[in-house]
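Novice: heads up, no residue letters with this:
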């Protein structure tokens, strides 16, 4: 009775039991279920990478601004201009709304620059703020 046909036209052995074990289309369904999850994971990975890169750009700009502010002839205005220009040059595609806030205190001998901005948005926008500081370079003659 292996290939016998019932009254309804279905094989006796291939009736309901065969339909219950039929796996055609299952991989398409699994792909349809997991594709949104994979896209979300990929988007999160890209967003965190952009935030990290934007932070590195801000840090490099803060260091460059602090280098200018620390020099013997450096000014806060020069440090601000250099930090903002540097951030635009190396990372205008990932760091936007860049603002530099320099400070130079000759009494304590410390100069610093804080650079802030926003990482570009893929899923959300992240505010970034970093600071770099160091001693002011002072050159003295042999008689001082």
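Specialist: Yes, it's here. Source: prediction; values computed, not measured.
Novice: and the longest helix for this protein?
Specialist: helix 26-70 (DSSP state H).
Novice: quick one: distance of that helix to the chain centre.
Specialist: 3 Å (C-alpha atoms, centre = their mean, to the nearest Å).
Novice: lowest average confidence, helix or strand, in the protein?
Specialist: helix 16-20 (a mean of 57; mean pLDDT, DSSP states H and E).
Novice: how about low-confidence regions in the protein?
Specialist: The chain contains residues with pLDDT under 70 at 1-21, 144.
Novice: give the contact list for residue 80.
Specialist: For residue 80, the contacting residues are 65, 100-102, 113, by C-beta atoms under 8 Å, 6 or more residues apart in numbering. C-betas here are computed from N, CA, C, even on glycine.
Novice: hmm, which two among these are most spread apart?
Specialist: Spanning the widest gap among those are 65 and 101, at 9.4 Å by C-beta to C-beta.
Novice: who has more neighbours out of the two?
Specialist: residue 65 (31 against 17; other C-beta atoms under 10 Å).
Novice: who touches that one in this structure?
Specialist: 79-80, 82-84, 86, 100, 102, 113, 115, 132.
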